[in-house]
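Colleague: One predicted model, sequence on top.
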Amino acid sequence: MKKIFVILLALLIPAMIFAGGGKDAAASDSGKPTIRLLTDATGIDDKSFNAAAWRGIVQFYGDTVDKTTHRGSHYDVVTAQTQDMYIPNLRQAADEGYDLIVVTGFTFADALNQVAPQYPDQKFAIVDVDYVLHPNVVDFIYSEEQGSYLVGLVAALQAKEDGIKNPKFGFIGGIPGATITKFEVGYIQGILSVFPDAEIVDYYANDWGKPELAKAQAKNWYDNGVYCIFSAAGGTGNGTIAQAKEYRLAGRNVWAIGVDSDQYEDGIYDGKNSAVLTSMIKRVENSTIKALTDIENGTFQGGVVKMSMADKGVDYSTANPSLSKSVIAEVEKAKTEIIKGNIKIYDTYKSALEAGVVPAGLSALDD
């Protein structure tokens, strides 16, 4: 009997180690750190912000979004359907011992501010926030106003090439706040550099995951002569693209602008043409890759890291063949001047108003 027990125990121990510590064992075998991504309700299928963060993670491990071989052993993702799950999800990930926990968006800031001090040995990263200042947290922020200036410039120059007189432009935001304001005021500054008297309309959905709200607003604006709409609203903004696709398929000359990821393919409406004129590319994937690389190299440090155009943190897409070469040439010149510091782009509504480069009456908020 004793002999049978010893044999059974010898068989069970490896299985127990694998089941209970598979994540750590895999990490030590490969030398790669482990990570859990925590997102809001829109998840990694938002085709925007969260998707970019996820793309950086899978790339770090040599995977692709279509083939996540190391998911479950090295990395995973948990989506919170409601904000009251943010703190429990953070604590669960920390209790499970991941080398890095990443949260996306300023809606996670309060939860992370509460949890991070409770787990001083746990490393965290948050994107789009510069005020969760704990030694175990790295805050990634981006110069969204720079990339947004470029897509505003694209929209205005394209309207000019199309011979549109007095074009109107729209902006749809998710939840108002300092980050989304950078998108809006940068976009408007780019437009007004070409059409100083252009009419600008804006709308905030107060939600990241309701595309039906953006779709309804986009339809209303397009029906009232708006030429192009830029949405910085997470999954909500996909409604703008959906409406632009419908109208372009019907022969209407209207455009949508994508955000965070290149959303050109999301705008394809007849097999080859896309309703997404360009996208403001925010390389969120570079944040997750950098944080993981720093942990792997033992150089992780808390603090604020800003990713500008010069750091290849923001850019614009030239994927749409409808975007004329002359427009691209002009935008590339502007891009060079921004990197050199010769074009000043304001990143708050207050400063932009004071400089007279945006109109009064916008819904943008600086905090």
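Modeller: Yep, it's here. Numbers count the residues shown, from 1 in each chain.

Colleague: for the closest residue to residue 303 other than its chain neighbours, helix, strand, or coil?
Modeller: Nearest in space to residue 303, with sequence neighbours left out and distances taken as CB to CB, 6 or more residues apart in numbering, is residue 138 at 6.3 Å. Heads up, the C-betas are built off the backbone N, CA and C, glycines and all. What DSSP: H, G, I helix; E, B strand; the rest coil gives for residue 138 is strand.

Colleague: how close does residue 138 sit to residue 195?
Modeller: For residue 138, the distance to residue 195 equals 40 Å [CB to CB, to the nearest Å].

Colleague: likewise residue 339?
Modeller: Distance of residue 339 to residue 195, given as CB to CB: 24 Å.

Colleague: ditto for residue 176
Modeller: Counting by CB to CB, the gap from residue 176 to residue 195 is 25 Å.

Colleague: same check, this time on residue 63
Modeller: 44 Å.

Colleague: Which of these two has more residues huddled nearby?
Modeller: Remark: of residue 63 and residue 195, residue 195 carries more neighbours, 20 against 17, as counted by other CB atoms under 10 Å.

Colleague: ok, the nearest residue to that one once chain neighbours are set aside - how many residues close by?
Modeller: Spatial nearest neighbour of residue 195, chain neighbours left out: residue 156 (5.5 Å); criterion: CB to CB, 6+ apart. Applying other CB under 10 Å, we find 25 residues neighbouring residue 156.

Colleague: Contacts only, for residue 156.
Modeller: Going by CB atoms under 8 Å, 6 or more residues apart in numbering, residue 156 touches 167, 169, 190, 191, 193, 194, 195, 198.

Colleague: my read is it is in a helix, agree?
Modeller: Yes - counting by three-state DSSP, residue 156 is part of a helix.

Colleague: Walking through the stretch 151-300 of the chain, point out its strands one by one.
Modeller: Under the criterion DSSP state E, counting those that start in this stretch, strands of the stretch 151-300 of the chain are mapped to 168-173, 199-204, 226-232, 255-260, 276-282.

Colleague: Residue 335: which of those is closest?
Modeller: strand 276-282 (12.0 Å; CB to CB).

Colleague: tell me which residues of the closest one are tucked away?
Modeller: 276, 277, 278, 279, 280, 281, 282 (16 or more other CB atoms under 10 Å).
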